[in-house]
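*Asks:* Need coordinates for the following:
(one chain, ligands or ions: 2)
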Amino acid sequence: MEENVIESQTEALNFIGGEWVPADSGETSEVVNPSNPSEILGTTPRSDRAETERAIEAATKALPDWKATLPASRGAILMEAANIIESREDELATLMAREAGKPMKEARMEVGRAASIFRYYGSEGWRLDGINPPSARPGVTHASMREPLGVVGLITPWNFPLAIPSWKMAPALICGNTIVIKPAANASLNAAALVGILSEAGLPDGVVNMVTGPGSTVGDALVTDPRVKGLSFTGSTATGLGIQERAIGKKVQLEMGGKNPFVVMEDADLADAAAKISFSAFGFAGEKCTAASRAIVVEEVYDEFIGELKSATEAIKVGDPMDEDVAVGPVVNKDQYESILAALETAKGEGRVVIEGGATGSEDEGYFIAPAIIADVDNRSETAQEEIFGPVLAVIKARDFDHAVELANDTRYGLTAGIATKSLRYAYEFMARSETGLVNVNLPTAGLEFQVPFGGNKESGVGGREQGPAALDFYSAWKTVSVMPL
Ligand SMILES: NC(=O)C1=CN([C@@H]2O[C@H](COP(=O)(O)OP(=O)(O)OC[C@H]3O[C@@H](n4cnc5c(N)ncnc54)[C@H](OP(=O)(O)O)[C@@H]3O)[C@@H](O)[C@H]2O)C=CC1
Ligand SMILES: O=C(O)CCC(=O)C(=O)O
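*Replies:* Ligands and ions are numbered 1, 2, ... in the order given. Below you'll find the model as predicted:
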């Protein structure tokens, strides 16, 4: 196998059938450091459909042997990958901070999370539950067991460059599927590092393949190729819903946007709520589908809460993601930078500025945007309805609990929601009435645990949950065998 040169952070290649290969055309895309746009971190192949089709071919070829490999043996490879990931924490976290602008503290946590995910699904090799309910017919036994889907396509975003590929790859692999992954342009060096680790851990050639290049060609080839039986995507709602229309005959899972509310009730610990909301809204510059982007506060404590929120937010350090005390680094790229600043201008016209935020310097000095808080926002305004995916928090006033729940649900999204309260009645009623896939009581909306199902309702999610045991349901199909001994 050709040696990959990821460690030097200069060049990532496609990984097809166990070989590191360039794009057929030899064309590459530059990976820019968002903290310093004049620094080119490396290049990735600008591939096209032909390379994607060869990767699908390699995954198809590797499928029978991988499917026949004992689940515990598959699990042992995932466990080894977890060990390698952990042993390279500094290197992987640094790469994430440089490529995606993720602050080191969160980047280190993400490396740990990726290792835990591989360990968790690796241990499934000893379980992979089935069911055998009694038959209604005398003498008959049933056994229902999980079978892999076949070749699965994974289309991943830039905001969790290790964790998202890991929580898609690990359950897919333990179930016996083979993979072609197309990472986002701004996470390709990280994805290549992860693929290299899986290969080093002993994954046979062709079981995981990676192709980098535009979503509109490489991604689309995965979406439309009939040999790809399952497709898992994380990204924007617009791209996801387009994929759903084109992925004919496949099992599809889409994890998309959010406009996540955090309700603050009159009995809340306001300082605690402010800390959790500002972490949820501004950590990693709000570039999380789970970020809180609407604080919905009952009028009784509205002004007092805004004071607490202002103090909590002013304490956040913005700057070089390599600094372990920084919580907000640069946003990922020029497109995000421009669209967030435009959304912030709109927000300023739709509410009262509590913290102005915005660009901290010129674009040439890095894509840094400081947190902004805009109060008195109408929940039907653009600021409260459109995903900004940046450090902009809208504060919305509610009359009482019922009104707060109504506002929280008044969105096309349904990913995650939070409530700050000491009342069990409010907490349980909110859990029941929230139209989201996740509800957090006195906890941040962002920051998942890998062992519980994750995903959203409405336009936030389609096709079954990720993570925890739910992921096994996506990456497998039940086969029922019924036997009558004669
Ligand atoms: N839910 C989440 O966690 C995320 C949400 N977003 C939202 O999306 C917005 C835009 O970010 P962006 O990175 O452009 O998100 P996209 O949804 O466009 O990209 C996500 C992934 O899909 C790929 N892709 C793009 N177009 C297609 C296509 N036609 N067929 C198949 N795959 C495709 C992308 O590739 P490529 O990068 O090469 O274009 C990337 O790998 C953000 O502002 C944010 O609101 C973004 C990232 C994560
Ligand atoms: O909040 C998290 O830990 C994960 C968020 C996420 O999955 C995403 O932004 O895509």
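
*Asks:* Please go through the protein and pick out the longest strand.
*Replies:* Longest strand in the chain by number of residues (criterion: DSSP state E): strand 36-45.

*Asks:* so what's the backbone phi/psi at the residue nearest to Pro321 when sequence neighbours are not counted?
*Replies:* Residue nearest to Pro321 in three dimensions, not counting chain neighbours: Gly329, with 3.2 Å by C-beta to C-beta, 6 or more residues apart in numbering. From N, CA and C alone the C-beta is placed, and that goes for glycine too. With angles defined as degrees, to the nearest 10, Gly329 sits at phi -90, psi -160.

*Asks:* hang on, Gly329 packs against Asp320?
*Replies:* Yes. Using C-beta atoms under 8 Å, Gly329 is in contact with Asp320, at 7.1 Å.

*Asks:* Now do the longest strand of the chain: distance to the chain's middle.
*Replies:* For strand 36-45, the distance from its own C-alpha centre to the chain's C-alpha centre is 23 Å (C-alpha atoms, centre = their mean, to the nearest Å).

*Asks:* now the angle between strand 36-45 and the very next helix or strand once past that strand, please.
*Replies:* Next in sequence after strand 36-45, counting helices and strands by DSSP states H and E, comes helix 49-68. Computed by axes from the mean of the first three to the mean of the last three C-alpha atoms, to 10 degrees, the angle separating helix 49-68 from strand 36-45 equals 70 degrees.

*Asks:* out of everything not next to it in sequence, what's closest to the residue positioned nearest the centre of the chain?
*Replies:* When C-alpha atoms, centre = their mean is applied to the chain, the residue found nearest the centroid is Ile164 (4.6 Å). The shortest distance from Ile164 to any non-neighbouring residue, by C-beta to C-beta, 6+ apart, is to Thr156 (4.9 Å).

*Asks:* Contacts only, for the one you found.
*Replies:* Listed by C-beta atoms under 8 Å, 6 or more residues apart in numbering, the contact set of Thr156 reads 164-165, 168, 181-184, 187, 191, 233-235.

*Asks:* That one and Pro261: what is the separation?
*Replies:* As defined by C-beta to C-beta, to the nearest Å, Thr156 lies at a distance of 26 Å from Pro261.

*Asks:* touching ligand 1 at all, the longest strand of the chain?
*Replies:* No. Applying C-beta under 6 Å from any ligand atom, one finds strand 36-45 separated from ligand 1 by no less than 9.6 Å.

*Asks:* Could you name the helices and strands sitting against that strand?
*Replies:* strand 28-33, helix 188-200 (3 or more C-beta pairs under 8 Å, 6 or more residues apart in numbering; DSSP states H and E).

*Asks:* ok, and for the shortest one, which residues are buried?
*Replies:* What it means is strand 28-33. Buried residues in strand 28-33, counted by 16 or more other C-beta atoms under 10 Å: 28-29, 31-33.

*Asks:* From the residues you listed, pick the one nearest Thr43.
*Replies:* Distance to Thr43, by C-beta to C-beta, is smallest for Thr28 among those, at 3.8 Å.

*Asks:* correct me, but that closest one touches Pro45?
*Replies:* Yes. Between Thr28 and Pro45 there is a contact under C-beta under 8 Å: 5.9 Å.

*Asks:* Could you list the domains of the protein?
*Replies:* Per automatic domain parsing, the structural domains of the chain span 3-256+460-481, 260-449.

*Asks:* want to throw those into a markdown table with mean pLDDT?
*Replies:* Formatted as a markdown table, the domains of the chain follow (pLDDT from 0 to 100):
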| stretch | mean pLDDT |
| --- | --- |
| domain 3-256+460-481 | 96 |
| domain 260-449 | 98 |
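
*Asks:* Off-centre distance for stretch 243-253?
*Replies:* The answer for stretch 243-253 is 19 Å, by C-alpha atoms, centre = their mean.

*Asks:* quick one: is it near ligand 2?
*Replies:* No. Figure legend: stretch 243-253 not in contact with ligand 2 (C-beta under 6 Å from any ligand atom); closest approach 12.9 Å.

*Asks:* Let me see the residues that make contact with that stretch.
*Replies:* Residues contacting stretch 243-253 (C-beta under 8 Å, 6+ apart): 149, 155, 219-220, 223-224, 226, 228-233, 254, 455, 462-464, 466, 474, 477.

*Asks:* Among those residues, name the ones in strands.
*Replies:* Of those, the ones assigned to strands by DSSP E are 155, 228-233, 254, 462, 477.

*Asks:* Which positions in the stretch 351-486 of the chain make contact with ligand 2?
*Replies:* Counting by C-beta under 6 Å from any ligand atom, the stretch 351-486 of the chain comes close to ligand 2 at 446-448.

*Asks:* If you rank those by neighbours, which is first?
*Replies:* Compared across those, Ala446 has the highest neighbour count, 24 neighbours, by other C-beta atoms under 10 Å.

*Asks:* if we can go back for a sec, shared neighbours, Thr28 and Pro45?
*Replies:* Pro22.

*Asks:* quick revisit: Throw the buried residues of strand 28-33 into JSON lines and include distance to ligand 2, thanks.
*Replies:* Listed next are the buried residues of strand 28-33 as JSON lines, based on distance: C-beta to the nearest ligand atom, whole Å:
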{"residue": "Thr28", "distance to ligand 2": "27"}
{"residue": "Ser29", "distance to ligand 2": "22"}
{"residue": "Val31", "distance to ligand 2": "20"}
{"residue": "Val32", "distance to ligand 2": "21"}
{"residue": "Asn33", "distance to ligand 2": "21"}
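
*Asks:* of these, closest to ligand 1?
*Replies:* Set against ligand 1, the nearest of these by C-beta to the nearest ligand atom is Ser29 (8.7 Å).

*Asks:* looking at the sheet around that closest one, what are its partners?
*Replies:* Taking DSSP bridges as the rule, Ser29 bridges to Thr44.

*Asks:* What residues does it make contact with?
*Replies:* 43-46, 185, 212-213.

*Asks:* three-state assignment of the nearest residue to Val353 once chain neighbours are set aside?
*Replies:* Distances taken as C-beta to C-beta, 6+ apart place Ile374 nearest to Val353, at 6.0 Å, with adjacent residues excluded. For Ile374, the assignment made with DSSP: H, G, I helix; E, B strand; the rest coil gives strand.
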